[in-house]
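Peer 1: Mind folding the following:
(2 chains, ligands or ions: 2)
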Amino acid sequence: MAVKSKEAKPEAAGGQSPHPAALRLHGVRKNYGHVVGVDGVDLTVDEGEFFTLLGPSGSGKTTLLRLIAGFERPDAGRIELGGRDVTSMPPHLRETNTVFQDYALFPHMTVGENIGYGLRVKGVPAAERRERVERAVRMVRLVGLDKRRPNQLSGGQRQRVALARAVVNEPEVLLLDEPLGALDLKLRQEMQLELKRIQKQVGITFIYVTHDQEEALTMSDRVAVMANGRIEQIGPPLELYERPATEFVAGFIGISNLLTRDGIKFVVRPEKLHILLEEDSPEPGMTVEPGVVEQVIYVGQSTRFNVRLDQGEPLVAVRQNTEAADEALQIGGRRIRLAWAPEHTYVLDQQQEPDAKPASVENTKEK
Amino acid sequence: MEGRWTKLALRIWAALILLFLFIPILLIFFYAFNTSNIESWPIAGLTFKWFTATWNDSDVRSALVLSLQAGLAATALALVLGSCAAFAIHRTTFFGRDAVSLLFILPLALPGIITGIALNAFFNFGGITFSIWTIVVGHATFCIVVVYNNVLARLRRTQGSLVEAAADLGANGFQTFKDITLPLISTSVVAGAMLAFALSFDEVIVTTFTAGAQSTLPIWIFGQIRHGILLPEVNVVVSFVILVTIIPVLVAARLTGGGGAARVPAAR
Ligand SMILES: Nc1ncnc2c1ncn2[C@@H]1O[C@H](COP(=O)(O)OP(=O)(O)OP(=O)(O)O)[C@@H](O)[C@H]1O
Ligand SMILES: [Mg+2]
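Peer 2: Ligands and ions are numbered 1, 2, ... in the order given. Model prediction:
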């Protein structure tokens, strides 16, 4: 999955490849009056890549998708699809299809007619159309519902219709705006696998919007973290998690512990922290700092320790409950030492301090 | 919450109001069949003679024809202008859009007598001779509003993203209009047209000021009542007008999903 380009620089990804990049954005900017929608985005997405836009609400994810689909014209910058400049091309001529955040199903058409509409306006013969619609209906597991109207479906079923309606056209680039937001956990996980399968099978490039970091990390080839209309960092999931470039990224993905020592700001992930009791000694080469366990939280598969270092910073340590956690729960209030290997810390990019409101260090988002 | 007695009282109250509203109308239906031409209760007997008399009355006939013609013409005009205006206001954003939208609706809120006098003055000023067309223009002032209101309300209720979704799937502007927009607003257009026709068909005040020598059906009725002659014929005509106006209003209410009747202009 993460065999893709390692480089954080977006331009490098599709550089000399024989195929033109599926999507390329150059300095794309879009404001709504004084509100910043998208603020100068450069981006290259390879053909067949599963690319995710991750960011908090209002960070410009939907706006970026709308620019790519052609519903909005950028104030500045250029958009290329498959090597062609489409900046001023109307949406109906672009080789993209969108799964809308609010589904946007046609209320006066049945599920089948909704799914087949794209093929119909493109003049695909009726027989082929029927067959492809049928296949799409099977794919999203809506068999038997194709004669229903959208208002006779549950939220999750509507979302799947929206998905089928876009995928059935086999576009070059599929734009998905939180396509699994309305589904329950089980169906969501099933559909995640299904989406991955579809994407591999049909070879469509996915631009996938989500604010669920776990979804982003598990599904994507590469992820772009957005904040305030700008891309903070682009990279494979592993790189974003292990080597966040900015404080914002570190705070947004996973729980991050931010420390400043000798004027250097760095991140240590909770699972990399070792808790040492009085009798324990650290492994050689580890950094050790004393502190107090303020709180112990049992999370089921793991236990979380909120520790206050003697130097003042709060840190979160997480331990997998490989054995029963009874004894771990006893150490609340005790003095301990935290140890970590220097190679597990990541120094944050100092110069490009985001004017983004820095994410809280004690970001409590679970995994 | 409500006790049995409250419920019962409410029902009786509602029934009384309905009776109050509809007894006079029913009375007219009965009088239309009255053998005597003196309106008194109980009626003397049942007869169809007033129907034949009315049907053979050439004044009534020409009034009916004029009413139908003016109503249809005003409705047609309203259909075109009203829905175009609704589309324009819905589609575009410009400074003062809400003010313009209000101006569209204003003719409906304006008392008919003001519209009538204003139009009368205007036609005189422009040296325009009064004819069926001046009536049509007079009626169009409020018919347009009805269509406009219905279509705009529907456009606002339809998701804007549907048009985008159609474009996203490859439909050009014409296909989007034909496959998505038109089917979604069609019932509101029809409903608006029916209400417009119903309004035009029984309009008196504006017509008084914009008609020439000819009479529309309501004007004819008005004249007869003042002179107090042919009252039984009036009852026949009124019964007919009631049917002609009520049917489209009911259909329109159904088409707009029940709420339609509530949008029937209050000014009437
Ligand atoms: N049509 C619009 N008019 C004015 N401002 C807008 C418009 N659309 C978006 N914005 C603003 O642009 C910014 C980015 O919005 P966008 O919808 O792209 O966020 P998002 O990342 O998709 O958020 P969410 O996760 O909540 O969907 C927000 O500040 C939003 O208020
Ligand atoms: Mg969004």
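Peer 1: In terms of pLDDT, where does the closest residue to ligand 1 within chain B sit?
Peer 2: Residue nearest to ligand 1 within chain B: residue B:160 (10.1 Å; Cβ to the nearest ligand atom). C-beta coordinates here come from the backbone N, C-alpha and C atoms, glycine included. Looking at residue B:160, its pLDDT stands at 78.
Peer 1: again, but for residue B:14
Peer 2: On the pLDDT scale, residue B:14 gets 92.
Peer 1: For residue B:186, what is the enclosing helix or strand?
Peer 2: Using DSSP states H and E, residue B:186 maps to helix B:182-201.
Peer 1: can you tell if that helix touches chain A?
Peer 2: Yes - for helix B:182-201 and chain A, the contact criterion (Cβ under 8 Å from any Cβ of the partner chain) is met by B:183, B:184.
Peer 1: And the helix or strand that comes right after that helix, what does it pack against?
Peer 2: Per DSSP H and E, the first helix or strand lying C-terminal to helix B:182-201 is helix B:205-210. Here helix B:205-210 touches helix B:112-126, helix B:132-157, helix B:217-227, going by 3 or more Cβ pairs under 8 Å, 6 or more residues apart in numbering or on different chains; DSSP states H and E.
Peer 1: Which among these is found nearest to residue B:94?
Peer 2: Closest to residue B:94 of the helices and strands packed on helix B:205-210, according to Cβ to Cβ: helix B:132-157, at 15.6 Å.
Peer 1: tell me the mean pLDDT for that closest one?
Peer 2: Helix B:132-157 comes out at a mean pLDDT of 90.
Peer 1: does residue 39 sit in a helix or strand, and which one?
Peer 2: If you meant another chain, say so; for now it's chain A. Residue A:39 belongs to strand A:35-45, assigned by DSSP H and E.
Peer 1: strand partners of that strand, parallel vs antiparallel please.
Peer 2: In the sheet, strand A:35-45 lines up against strand A:23-32 (antiparallel) (DSSP bridges).
Peer 1: ok, and does the strand it pairs with reach over to ligand 1?
Peer 2: Yes - Strand A:23-32 is in contact with ligand 1 by Cβ under 6 Å from any ligand atom, via residue A:32.
Peer 1: For that strand, which outside residues touch it?
Peer 2: A:14, A:37-45, A:51, A:63-64, A:67-68, A:72, A:74-81, A:83, A:173, A:205, A:207 (Cβ atoms under 8 Å, 6 or more residues apart in numbering or on different chains).
Peer 1: again, but for stretch B:228-243
Peer 2: B:25, B:28-29, B:31-32, B:34, B:37, B:39, B:50-51, B:53-54, B:57, B:60, B:201-202, B:217-218, B:220-221, B:224-225.
Peer 1: What's the local residue count around residue A:219?
Peer 2: As a burial measure, residue A:219 scores 22 neighbours (other Cβ atoms under 10 Å in any protein chain shown).
Peer 1: no wait, residue A:186
Peer 2: Residue A:186: 8 neighbours (other Cβ under 10 Å).
Peer 1: Enumerate the positions of the host helix or strand of it that are buried.
Peer 2: Following DSSP H and E, one finds residue A:186 within helix A:185-202. Residues A:187, A:188, A:191, A:192, A:194, A:195, A:196, A:198, A:199 are the ones in helix A:185-202 that count as buried (16 or more other Cβ atoms under 10 Å in any protein chain shown).
Peer 1: for the stretch 1-150 of chain A, what spans make up the strands?
Peer 2: A:23-32, A:35-45, A:50-54, A:76-81, A:84-85, A:96-99 (DSSP state E, counting those that start in this stretch).
Peer 1: looking at those, which is buried most?
Peer 2: strand A:96-99 (a mean of 27; mean count of other Cβ atoms under 10 Å in any protein chain shown).
Peer 1: just how off-centre is that one within its chain?
Peer 2: On the basis of Cα atoms, centre = their mean, to the nearest Å, strand A:96-99 sits 18 Å off its chain's mean C-alpha point.
Peer 1: Stretch B:27-37 too?
Peer 2: 26 Å.
Peer 1: thinking again about what came up before, taking the contacts of stretch B:228-243, please make a PyMOL selection of just the buried ones.
Peer 2: A single PyMOL command suffices to select whichever of these are buried according to 16+ other Cβ under 10 Å:
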select buried, chain B and resi 28+31+32+34+50+51+54+57+60+201+202+217+218+220+221+224
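Peer 1: low pLDDT regions in chain A?
Peer 2: Per-residue confidence for chain A (pLDDT under 70) gives these ranges: A:1-19, A:325, A:349-367.
Peer 1: Tell me which residue is most central in it.
Peer 2: By Cα atoms, centre = their mean, chain A has its centre lying nearest to residue A:216, at 3.1 Å.
Peer 1: Which residues of chain B lie near chain A?
Peer 2: Residues of chain B lying close to chain A (Cβ under 8 Å from any Cβ) are B:159, B:161-162, B:164-172, B:175, B:179-180, B:183-184.
Peer 1: In helices, which of those fall?
Peer 2: Within the residues of chain B next to chain A, residues falling in helices by DSSP state H are B:161, B:162, B:164, B:165, B:166, B:167, B:168, B:175, B:183, B:184.
Peer 1: Neighbour-wise, which one of those leads?
Peer 2: residue B:165 (29 neighbours).
Peer 1: isn't that residue right next to residue A:99, touching?
Peer 2: No - Residue B:165 is beyond contact range of residue A:99, at 9.9 Å (criterion: Cβ atoms under 8 Å).
Peer 1: per-domain residue ranges of chain A.
Peer 2: According to automatic domain parsing, chain A comprises the domains A:21-242, A:255-347.
Peer 1: what's the span of the longest one, first residue to last?
Peer 2: Meaning domain A:21-242. Domain A:21-242 has an end-to-end distance of 27 Å (Cα to Cα, to the nearest Å).
Peer 1: residues in contact with stretch B:175-185?
Peer 2: The contact list for stretch B:175-185 (Cβ under 8 Å, 6+ apart) reads A:106-108, A:117, A:121, B:83, B:151, B:154-155, B:158, B:162-163, B:166-167, B:171.
Peer 1: same question for it, mean pLDDT?
Peer 2: 91.
Peer 1: Around ligand 1, which positions in the stretch 1-150 of chain A sit nearby?
Peer 2: Counting by Cβ under 6 Å from any ligand atom, the stretch 1-150 of chain A comes close to ligand 1 at A:32, A:35, A:37, A:55, A:57, A:58, A:59, A:60, A:61, A:62, A:63.
Peer 1: mind running it again at 5 Å?
Peer 2: A:32, A:35, A:37, A:57, A:58, A:59, A:60, A:61, A:62, A:63 (Cβ under 5 Å from any ligand atom).
Peer 1: Among these, name the buried ones.
Peer 2: Judged by neighbour count, with 16+ other Cβ under 10 Å as the criterion, the buried members of these are A:37, A:59, A:60, A:61, A:62, A:63.
Peer 1: Relative to residue A:147, which of those residues is nearest.
Peer 2: Checking those against residue A:147 by Cβ to Cβ gives residue A:62 as the nearest, at 31.8 Å.
Peer 1: Just give me the neighbour total for the closest residue to that closest one other than its chain neighbours.
Peer 2: Spatial nearest neighbour of residue A:62, excluding adjacent residues (Cβ to Cβ, 6 or more residues apart in numbering or on different chains): residue A:177 at 5.7 Å. Counted with other Cβ under 10 Å, residues neighbouring residue A:177 total 23.
Peer 1: And residue A:177, how far from ligand 1?
Peer 2: 7 Å (Cβ to the nearest ligand atom, to the nearest Å).
Peer 1: ditto for residue A:92
Peer 2: 20 Å.
Peer 1: got the contact list for the residue nearest to that residue when sequence neighbours are not counted?
Peer 2: Excluding the flanking residues, the one nearest residue A:92 by Cβ to Cβ, 6+ apart is residue B:167, at 4.5 Å. The contact partners of residue B:167, by Cβ under 8 Å, 6+ apart, come to A:70, A:71, A:90, A:91, A:92, B:176.
Peer 1: Look up which residues are beta-bridged to the nearest residue to residue A:85 once chain neighbours are set aside.
Peer 2: Residue nearest to residue A:85 in three dimensions, not counting chain neighbours: residue A:78, with 6.1 Å by Cβ to Cβ, 6+ apart. Beta-bridge partners of residue A:78, counted by DSSP bridges, are residue A:26.
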